[in-house]
Structures are given as C-alpha cells and as structure tokens.
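Visitor: missing the sequence, but the structure's below:
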C-alpha cells in the first residue's frame, strides 16, 4: 500500500497539513488518526478561544475541528481512524496497526503532526505518597469533557500553563473547589486572558514562585504541601504550607511527541523537544516534515494549523519535484531566547522572506528581539512585553551570508 | 467455613511461588492477601535483580538460598512465560580500599559456591560499560547475575497456582491466627478460613504471625527512580557500588523492559505502610548515580517509587517450623536477596511441609498458558491474532503500544487485574513515558466493562484509592 503524502495525526496541525498538501496538488493524501474522529485534543477542549486568527471568530475546540473536518470531507481526503502508527523508517515506510491488522504504507512524503504529551509527575519528582488523585490536567479535561466523570472534589493545580488555567475554571464550573494554582516560576506561562478569565473571575488564588513539595494520602490524595521557591527554584525552608485536597492536577509542561521521529533517525532539537527543521519544515530526513505541537509547542491551535499549511505545501512540492539541495544557514538561539524554529533557513528562503517562530527564555518588558548575521542586524522586533508563554512570529528577509543569531535586547 | 490443608499468608513472590509449588501436589491450598491482587507489597517495589550470591555470609540461609534460587530463576521464568535476562553484574570499586573490599567479596562468593566470579580491571570495566565513571579502579564481575520483572513473576506464579486448583482470597488482611481443635482459624475482617497448616509469607508483617517472640522486622525503605526506555542500552549489567555497612548502596540496572532503574536508598522506618518518596532520598539517588554514570541525563526520569524491605532482627531469613506455634511454617524476614531466593524458599517450604503433611505429586500439572504479547509476534502472527480478535488491533496505551486485547486478557486471567495499577503491572499500559495520562480513561473503561462495575468504583490499587469521585451529574 502506498500514498504520496501520509499525515500522521488528525489534530489542528494534521488536518491543515493534509488539506494544504491536497490543495497544492500532492496527489494522494492519507491521514492516519488514532482516535475515532478528526480533531485530536481539540475534541476535549470545549472552551472557546479557538479560531480568532484563522476564522476571525471565537470557536470551541470541537467547532474549530469541525470546520476543518468538513473541508477534509469535501476534499475527499481519506482518513484511517482508530489506527496507530507503530513505527517508521527513514525510507518513509510507515507501519500502522488497526482492527484490520498491521501493515506497511510506503509514502512519498510524511508529515508528522503527532502533537504533544504532558510532563508526568515522575519527571518533576514530587516527593510523597503515590495515591489515586494525581492526574495530568489534560487527562482530567478528557475525563470531564469526554467521559462525563469527575476526578475529584477539592483540587490543587500545579502549573499555570494554559491547560492548568482552563481546568481550574472547568472544575469550578462542575462543582469542584479549586484551592490554589501554584506556579514555580515568578510568572505564569499561560495566556494573560486565561489568567483573567479562568482564575481571577472565580477568585482562585495563583501562588507564583510556589511549588508542591510533598503529596499526602496513602490511598487517595489527602492534601499537598506547597512551598515558596528561591531564585534557583529550590524550595525555601520554613515556607511550607499544607493544603487539604483530594486531587492534584499537574500542568507542568508539554513535550512534543516524537517517538516516530526517533525510529526514523531524525535529528532532534534539545531546546524544543521536536525535530530540527529547515524553513520548509523538513526534518533531517528528506521528505519527512514536522509541524504543530510535535515540532514545537504552540500557544494557539491557529498557529499550529498555519504552520501546518506550510508543511503541507512543502510536502506536496517534495513529492512533485523531489528535494532541492540549497545552501542553508543556522538559526541560533542566543541571549534571552528559548528556542527558534526553524533551526535552519536556506539562502533562497531568506531572500524571499522566511517565517521564524521564537520563544523567549524568560519574561522581558520593553525589549526587542534582534536578528543578526555576524554583527549586522537584519531585523528588530520591538515588544512592550515578551513572555515564554507567547510565541513571536516574524518574517526574516535578507540576501546576505552567514548564520543567523536571535537575541533579546533588553532595555531594562 | 472453608477448610484447607494449607493457607499461605501473603501473595508476594515467596507466597505465590510457594502456592505454585504446592499446587503440584494433592493438597488443598488457599493463598490469601490483604491486597486485591498478588504482588502488591515488597514484590512490586524492589531492585528486580537476580543476585549471584556473594553478599551473604557463608553458612547463612540467605547464602544458600540465594545461590540455589539464582540457579533456578532462568528456567522458572521460562516456564512461567515471564521475562528474564542474564545480564551479569559488576561491583564497582572506586578506591584502593574498595578494591580490597571487592576482593573479599570474591572470596566470600566462592565460599558460597558462586560460579564464574572474577575481578576485572579498569579498562575491561570501561570496555563493557563505557558510561561508568573513568575513575573506577576495578570491579567484581559476576556473570550469573540477572534481572527479572518481580511483579510479572509474582502474578504469573499466583495465576498458575490458581490454574492448578489453588484457591485465593484477596482483600483478606489476616488479623490473627487462632488454634482450635488442631486447626488454625485464619481470621480477617473480611471473613475467616480454616487450615491444618499455615505458611507465613507475610513480608513486612511476617513477624506478627511467626510465633517467635524475639524475632522482629525492622522495615527499611528503598527509593528508586525509573528512566525512559530511550535509555535502553546505556548500561548493560547490574552496576553496584562497593557495599558499606549501610548496605549494597545505590545501583544502576537495566530493566527487562528497557528502562533504567536507579536506587535504592536504605532508611529504617517504623510505619510499615510508609512507601513515601522523599526529596532527600531522591536527591541522594541522583547524586550517587551522577557519580557512577557522569554522562547520565536525569531529565529522562519518568517516575519514582519506594518499597519496603522486611529486614529481620536476626540478620538472616527465618525459614522453618515455628518453635512457638504448632503447624506454622515461617518464611519471615525475606529481605534482599529475597526475590532471587524465592524459588528456593518455595521448594524448601514444601519440603519442610512434607515432613508433617503427606504430599503426593499430582498426575497432571498444567504449565502457565502463554501470554499473548503483540510486541513479541511477527507481522504474520499479529495479523492472524487481529483477524481472530480485532481487540488486539486497538492500541490503548500508545507509549508502550499495548492493545485492548492484551488488557482484557490481563483482567480475565486467573488472579487477574482488578485495579488500574494491576493492569499497569501486567501489561505495562500506563508504565511508559506519559505515565498513563493518555490511556488511563481507556483502561478504566475496559476494567469497568470486564469486571461489571461502574467506573466510579474502580481503584488505583484497592481500598479507598478510587480514581473518580462521581459523574458529572453528581452521582457518587
């Protein structure tokens, strides 16, 4: 079995990539999706706030997914549902499994749109007991919004990322009491609008520079100990406080899902957790592209879809014309920068104008992102407020020579 | 009231293997445990190592049973269809003094009858284990050491015992034993059963039933870290530090599933339910592991846990007929190398029981029915099983690639999974890098369907560990 373009994942990135590839004349396009319908995590995001950029309208997650799913249906792009990609080689041989069996699909190009997963408790090693009631925020979102179950009655949330904030409101609306949201950093990594609409509107306290230092309860969570942290994020002795609760929600970071990239021998970026890509969003393996949260964690679904449109176009071009060898320059994350995607840009793309997605490493007020080649500044993006939670998208256009360095020029 | 020839208290690795050994004979046996499933105490939270046998002092029960158990393990795991790997082990010496100590260990090992022991030099160590700190002096190499999956072994033994006629009472915490008309009353808050003989395999509680007033358990807690499977191949052998007075120290070992295990700490505790991890303990493991393996990236930690060792006041296993209680056979104080010794302990217990209860081998004993593991099948075999049962084509746990069919099997088999953790330990759904974030709702659905109970009644690990507090409509 074969296809010109195989899209792994039918979420906001995968759907947009598949549509774009088909519209760009890729030939046959196939979406492989492990759930029973298109949409991915959007289906459990029943809050609104999706689609403002792309559709000029506030949609819920399922509505946003529905708009894309309709277009996929109209374009007659085939989808394999309840199907898991088990492995993939660098030759773009993709092994899939579903109730019809396990079989290999040979693809002309592959677009990885596998999304991300939540960092689990173990990854941050919270000491204490290991009772029921410690869940990832996204798991609780699924339990409540898709399965119809309440995971607890009194919750503490660790991490003020967007999912944590959204779930604070969701639990409250369903009758649970959210005692506190703790954030180890001195700032929230969530969107400002979510802090206002999900915490402040419901009088839920947000403790910045605080973390959970112990979990209590042998069978079910009975409470947590929270502590203030110093500038090195280490708990400060004497600041411990016990909060009674039956549930601890963790929203402590998202990690791009890239097991398939690993099987195919794709070179990864330790900063983003996703593959290293060029301006065509092509990984180190020619013909395998990456987009959406599996490439780097986005703040908005709209941006994941927009990025995926590019991946779709480029995958179509790849199957039509084959890869093109072109001189590439490195995009380096310098002072104050958390990550830059793509990590490489071709001379041709830079001459035409290439899009860069930038995340800063910490918050800045009245600062600029400066892009340089050597000592020569080729672009400056000024902003009154830069936070790691919000991604900066900018177009870089330059016909010069040399690698690019991205830096924050802070005026404070 | 149910009457048995023998009641085995504790479905840990020792109790379950003892029940299995008894099931080969014409006796009626009941295996009881306080948890809803076998292997929920010490047997689920330990170093998972098959020790070669140079640690214990010559002449002790520990020394003899360790060496004998180590020799039995590979064949036993094969019969029970559970993973086993003969990895070999190294005790690393990082100073002249430690080098002298491993020389003493070598001699002790030889006295204990351990085969193949040798001291290897720095270069050989680094050739075999390039990640080890190059400051290493030498190592004691033991080719016969290995690794197992202690909970899969325990579950398989209990299941096979039940397949061969042993009965089981789970959620049956034994409160006391009473002797009445030459029989035992085995009394629990959830009921009472009778038996002519009782075998005490009660782990950290084994001193409470042993009938030896001077014998005490002083539990010691061990904390561990588990790293992602992407570290598979980073270390090849079980790597120990040179032991000190405090114990064998913090080791690094591959697991049979390709993770890396770091630990344990060793802390005496009073509370026999205290399996909490601590910031201090986890910090100690990180520090010690970074010394042993300087290049180790600890960002790959996916979980941490702690287990208790049933450390006996006598320093040795207590195995044999109780001096204070007639008809009671003890396997108490089974701390490390208890897992390795377990197959030998089971044989020893049955041999001792045979002195007082005539044991006749059954004509028919059924080996364990093979476990269907999709990951072990060829493409043709996979397609065949999916054709016969499409549930094997539905992947529920993405990280460990576990299918609905495999989870359902784990629930339906004898001594099957009743809890979310039970499913995790049998088939690894939820054991991977997302730690069940994605598959937990699916596992709840399957447990609910197969057990015929509502999802709100399901627990993580029995007792009051309910996963959900109600439905959105407010029902409990």
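Guide: Yes, it's here. Given the structure is predicted, the values throughout are model-derived calculations rather than measurements.
Visitor: Need phi/psi at residue 403.
Guide: The chain I'm using is chain A. phi -70, psi 160 (degrees, to the nearest 10).
Visitor: sorry, should have said chain B
Guide: phi -90, psi 160.
Visitor: pLDDT on stretch B:232-240, on average?
Guide: The average of the pLDDT scores along stretch B:232-240 is 95.
Visitor: which stretches of chain A have low pLDDT?
Guide: Within chain A, the stretches falling below the threshold (pLDDT under 70) are A:323, A:411-412.
Visitor: which residue of it sits farthest from its center?
Guide: Of all residues in chain A, residue A:238 sits farthest from the chain's C-alpha centroid, using CA atoms, centre = their mean; the distance is 36.2 Å.
Visitor: how near is that one to chain B?
Guide: 15 Å (CB to the nearest CB, to the nearest Å). The way it works is simple: take the backbone N, C-alpha and C, and place the C-beta from them, glycine included.
Visitor: The spatially closest residue to residue A:257 that is not a sequence neighbour - how many residues pack around it?
Guide: In this structure, residue A:257 finds its nearest non-sequential neighbour in residue A:114, 4.5 Å apart by CB to CB, 6 or more residues apart in numbering or on different chains. The number of residues packed near residue A:114 is 28, by other CB atoms under 10 Å in any protein chain shown.
Visitor: now do residue B:70
Guide: Neighbours of residue B:70 using other CB under 10 Å come to 25.
Visitor: can I assume it sits in a helix?
Guide: Yes: the assignment for residue B:70 by DSSP: H, G, I helix; E, B strand; the rest coil puts it in a helix.
Visitor: pretty sure residue A:408 is touching residue A:363, no?
Guide: No: between residue A:408 and residue A:363 there is no contact under CB atoms under 8 Å: 10.4 Å.
Visitor: Strands of the stretch 251-400 of chain B, start to end?
Guide: B:251-254, B:260-263, B:267-268, B:301-309, B:318-321, B:328-332, B:395-397 (DSSP state E, counting those that start in this stretch).
Visitor: packing partners for the shortest one?
Guide: Packing contacts for strand B:267-268, counted by 3 or more CB pairs under 8 Å, 6 or more residues apart in numbering or on different chains; DSSP states H and E, involve strand B:220-227.
Visitor: hmm, who's touching the strand it packs on?
Guide: A:122, A:125, B:45-47, B:247, B:255, B:259-269, B:274-275, B:277-278, B:281-282, B:285-286, B:289, B:298, B:300-309, B:311, B:335 (CB atoms under 8 Å, 6 or more residues apart in numbering or on different chains).
Visitor: Show the buried residues in those residues.
Guide: A:122, A:125, B:45-47, B:247, B:255, B:259-267, B:269, B:275, B:277-278, B:281-282, B:285-286, B:289, B:300-309, B:311, B:335 (16 or more other CB atoms under 10 Å in any protein chain shown).
Visitor: host element of whichever residue of chain A sits closest to chain B?
Guide: Closest residue of chain A to chain B, CB to the nearest CB: residue A:122 (3.1 Å). For residue A:122, the element it lies in under DSSP states H and E is helix A:121-124.
Visitor: check contacts around residue 135.
Guide: No chain in the question, so chain A it is. Taking CB under 8 Å, 6+ apart as the test, what residue A:135 contacts is A:143, A:151, A:247, A:248, A:249, A:250, B:437, B:440.
Visitor: you looked at the wrong chain, it should be chain B
Guide: With CB under 8 Å, 6+ apart, residue B:135 has these contacts: residue B:94.
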